[in-house]
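S.K.: got a predicted model here, sequence first, then my questions.
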Amino acid sequence: MSNYRIQGATGEWEVVIGLEVHAQVTSQSKLFSSASTEFGAEPNAQVSLVDAAMPGMLPVLNGECVRQAVRTGMAIEAQINKYSRFDRKNYFYADLPQGYQISQLYHPIVGEGQLLIAKDEKAGIPQDKVIGIERIHIEQDAGKLMHDQHPTMSYVDLNRCGVALMEIVSMPHMTSPAEAGAYVRKLRSILRYVGSCDGNMEEGSMRADVNVSVRKVGDPELGTRTETKNVNSVRFVMAVIEQEARRQVDLIEDGGSVVQETRLYDPDKNETRSMRSKEDAHDYRYFPDPDLLPLNLEDAFLEECRSSLPELPDAKRLRYTGELGMTDYNAAQLTAEVETFARFETLLAETARQAGKPEAEVATQVANWTLSVAPGVIKSLGADARLEHNTAAANAAILQMVSAGTVSGGQAKEIYEIVLKIGREPAEIAETEGLKQQSDTGAIEAEIDKVLAENPDKVEQYRSGKDKLFGFFVGQTMKAMQGKANPGVVNELLKAKLG
């Protein structure tokens, strides 16, 4: 249970959250036409006669969109409905040429499912939590109104009109901004694993309607909810919940009441404002679309969808902690994004091959490199990093030199920088640039003798019980050898000499 509470003048309140996520289906053409779905085209460059609602134009269902919705449902362990139906949602707006939206109100393609958000105490999620998902239905997107192109007119871009969306409706199981943020991130991750949506919220291919209500802690009754539309980032989803929950608490405690309404979020002012009242919403007059037959899915199609699913984040995380002996934190970080686990698994396989060891023996080293060292170096180089040189073979070669004690961690970073800049072989860089550790025990021992001879008082203090001085001797030895001595050899020799 979340520990998120809102302190009001009359006591503590809790927030209840549900999300309706609209995810653009990955497909080359729209839901009912052959027009392209590619992002970034000139306004109205991707509009078919069907999208523009020309008389006599009939919709033809895109089977790939159905397949992707079914695969998404399977990925969240949902009920797949063999029978589903398209309905017309009737309303007039300038960006909807048909005068109705084709959706699935009564018979959606996917029924109840679930999604696990992982424990994250730092974020305020004290334990793993399952969030119920009520349904996924397929519908077509509307176009886009642009109000900033002309002083007295609004322009209409129909490129998005007819693009396939999955509306993924959660149950009101979230009770904090942190849980909602984790839910959106996890859902986005699953969609990208499956390949059913690219999850690019900044491009509008994934956005959320945020439903928020508040109630006194312990009150079993749900409060009146508001819906904030088209929120396009995880950070904004969390901000909407914080601001809207506080607004509702203040409103109720001042003697007012929450109105069920649709609201918009202004990120510049970090506030929500009223858009329209739900009570005043017109009747959408849903009825079955007469131009589209109901969907009846066959067992062979469902089996093909299931067999095409990849290993999903939760299963991959358990495999990493089990088979690879990885920490929960590293496993969660590595499996959060498709690109991250792909880089990790490619590098893991190559590092194990070069080292001649099982993957489990090198997994921790590869994980730390993937999550921390490599991103840090790439970020520090900025535009100077040539990512075409960032091959698994080069990375694995550097890790192999670290494991062998040929180079230190600091030297590994320097070698990696040179690899990214100009693409030379790591071993050749280490040799020609003098980036190798000194493991010659004779040379190291000579420097240790000098350090001990120059600091007899500290030697005596160490032998009298001041163990922390050991770090001083290591540091002085490394300094004398310009940081090139093998720390393991230094430690071993120092321990022997200090007794």
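M.R.: Noted; the coordinates are in hand.

S.K.: buried residues in the strand ranked longest in the chain?
M.R.: The longest strand of the chain (DSSP state E) is strand 11-24. For strand 11-24, the neighbour count (16 or more other CB atoms under 10 Å) marks 13-24 as buried. C-beta: built from backbone N, CA, C; applies to glycine.

S.K.: just the endpoints, please. Distance across stretch 475-489?
M.R.: Length of stretch 475-489, first residue to last, CA to CA, to the nearest Å: 13 Å.

S.K.: average pLDDT across it?
M.R.: The average pLDDT for stretch 475-489 rounds to 81.

S.K.: can we start the residue count at 522 from this point?
M.R.: Noted, 522 is the first residue going forward, which turns the last one into stretch 996-1010.

S.K.: how much space separates the residue nearest the centre of the chain from residue 618?
M.R.: Nearest to the mean C-alpha position of the chain, by CA atoms, centre = their mean, lies residue 706 at 4.4 Å. As judged by CB to CB, to the nearest Å, residue 706 and residue 618 stand 35 Å apart.

S.K.: so where's the protein uncertain?
M.R.: Low-confidence segments of the chain, defined by pLDDT under 70: 522-523, 799-803, 961.

S.K.: tell me which element residue 771 falls in.
M.R.: helix 755-774 (DSSP states H and E).

S.K.: starting from that helix, tell me the next helix or strand along the chain.
M.R.: strand 782-787.

S.K.: name the residues that touch that following strand?
M.R.: 747-752, 757, 760-761, 764-765, 792-799 (CB atoms under 8 Å, 6 or more residues apart in numbering).

S.K.: narrow these to those in helices?
M.R.: 757, 760-761, 764-765 (DSSP state H).

S.K.: can you redo those residues as a markdown table with distance to residue 856 and neighbour count?
M.R.: Below are the ones in helices among the contacts of strand 782-787 laid out as a markdown table (distance: CB to CB, whole Å; neighbours: other CB atoms under 10 Å):
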| residue | distance to residue 856 | neighbour count |
| --- | --- | --- |
| 757 | 25 | 20 |
| 760 | 26 | 20 |
| 761 | 27 | 27 |
| 764 | 31 | 20 |
| 765 | 31 | 26 |
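
S.K.: dig out what residue 695 forms beta bridges with.
M.R.: residue 538 (DSSP bridges).

S.K.: against residue 582, how distant is it?
M.R.: 33 Å.

S.K.: the more surrounded of the two?
M.R.: residue 695 (28 against 16; other CB atoms under 10 Å).

S.K.: now for the more buried one: which residues touch it?
M.R.: Contacts of residue 695 by CB under 8 Å, 6+ apart are 523, 537-540, 652, 701, 704.

S.K.: what do you get if the cut-off is 7 Å, keeping everything else the same?
M.R.: 538, 652, 701, 704 (CB atoms under 7 Å, 6 or more residues apart in numbering).

S.K.: pretty sure the third one sits in a helix.
M.R.: Pointing back at residue 701 there. Yes - assessed by DSSP: H, G, I helix; E, B strand; the rest coil, residue 701 belongs to a helix.

S.K.: tally of neighbours for it?
M.R.: Neighbour tally, residue 701, other CB under 10 Å: 26.

S.K.: so what's it up against?
M.R.: 538, 540, 695, 758-759, 762.

S.K.: for residue 915, which non-adjacent residue is closest in space?
M.R.: residue 940 (5.1 Å; CB to CB, 6 or more residues apart in numbering).

S.K.: checking the one you found next. Helix, strand or coil?
M.R.: helix.

S.K.: show the contacting residues for it.
M.R.: Neighbour list for residue 940: 910, 915, 947, 950 [criterion: CB under 7 Å, 6+ apart].
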